[in-house]
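1. Provide a 3D model corresponding to the input given below.
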Amino acid sequence: MIIKKLEISETKAIDAEQGMVEAFTNSMGVIDKDGDVIDPVAFNGSIAKNLPIPVLAGHDQHQVVGKVLTARPVHINDNEYKLYTLMQMNMETQAGKEAFSNVKGNFIREWSVGFNVGEDGIEYEGKGKDQVRRIKNLDWVEVSAVIRGASPQTATISAKSDDDTIIADELEQTALDTEVGKTDASDTEMVQAQIDLLKLKARKKKKPY
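-> All right, here's what the predicted structure looks like:
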């Protein structure tokens, strides 16, 4: 299984009671530390077919701490895309609670994805030292919060505790402001709608009197 890690994660814990976390878990369209480029649409098949994908502790398959609810590629700039991922930690287990706490407190800030890829999912570009392996299609297996990553600029977006008050209008604007990059994936609009709905449900709080 191939492991790709992301540096400097922007993670958010949305809701402590439900263990909701959103993060950029992989960078695409740019060369990573392994000399690979993952196409922006490479994850789309797994997103459509394999969800929910497990969230692990440090890629340990014996330590499942949560699940990926949905994900999608987001255009950042030029050729760069990031994999926006909405996760739910299992707050009924101690490991899930600890994973959520580490993310919320910025004790662990980066993310790493594990996936398999067949020969038909890879193309080689260039020659010699300049050769780049382009991953066109992959089988996404899991995602983990990690100490240090290989994929550039991964980040946790948000992690909110029960004491944080979030107004529904602000949530709607947040959902609208999260731009979906243009891809060839037919499921992009459907995934966008799922994310917006989940974000509003998970983060909606009553206004204080």
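
2. got the residue ranges for the strands in the protein?
-> Along the chain, counting by DSSP state E, strands occupy 2-6, 12-15, 20-28, 36-38, 53-57, 60-77, 80-89, 110-116, 122-125, 132-135, 139-146, 155-158.

3. Just to check, residue 146 is in contact with residue 113?
-> No. With contact defined as CB atoms under 8 Å, residue 146 does not reach residue 113; the gap is 10.1 Å. The way it works is simple: take the backbone N, C-alpha and C, and place the C-beta from them, glycine included.

4. Please identify which of these two sits among more neighbours.
-> residue 113 (29 against 21; other CB atoms under 10 Å).

5. For residue 63, see how far away that one is.
-> Relative to residue 63, residue 113 is positioned 16 Å away (CB to CB, to the nearest Å).

6. now residue 1
-> According to CB to CB, residue 1 and residue 63 sit 16 Å apart.

7. Which one of these two is surrounded by more residues?
-> Of the pair residue 1 and residue 63, residue 63 is the one with more neighbours under other CB under 10 Å, namely 16 against 11.

8. Let's have the strands of the chain in TSV, adding mean pLDDT and distance to residue 102.
-> Output for these, formatted as TSV (pLDDT from 0 to 100; distance: least, CB to CB, whole Å):
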stretch	mean pLDDT	distance to residue 102
strand 2-6	72	16
strand 12-15	70	10
strand 20-28	90	10
strand 36-38	92	26
strand 53-57	94	9
strand 60-77	92	10
strand 80-89	93	10
strand 110-116	89	11
strand 122-125	90	34
strand 132-135	91	29
strand 139-146	90	7
strand 155-158	46	10
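
9. from the ones you listed, which stretch is densest packed?
-> The highest mean neighbour count among those, using mean count of other CB atoms under 10 Å, belongs to strand 20-28: a mean of 28.

10. quick one: pLDDT of the spatially closest residue to residue 107 that is not a sequence neighbour?
-> In this structure, residue 107 finds its nearest non-sequential neighbour in residue 101, 7.7 Å apart by CB to CB, 6 or more residues apart in numbering. Note on residue 101: pLDDT of 93.

11. how many other residues sit next to residue 101?
-> For residue 101, the count of nearby residues is 17 (other CB under 10 Å).

12. And for the one 3 residues further on?
-> Other residues within reach of residue 104, judged by other CB under 10 Å, total 22.

13. Begin at 35 from now on, thanks
-> Sure thing, new numbering starts at 35, so read that last one as residue 138.

14. just checking, it touches residue 49?
-> No. Taking CB under 8 Å as the definition, residue 138 is not a contact partner of residue 49, at 10.4 Å.

15. Quickly note the distance from the residue lying closest to residue 53 once chain neighbours are set aside to residue 76.
-> Distances taken as CB to CB, 6+ apart put residue 123 closest to residue 53, at 3.4 Å, once the chain neighbours are dropped. As defined by CB to CB, residue 123 lies at a distance of 25 Å from residue 76.
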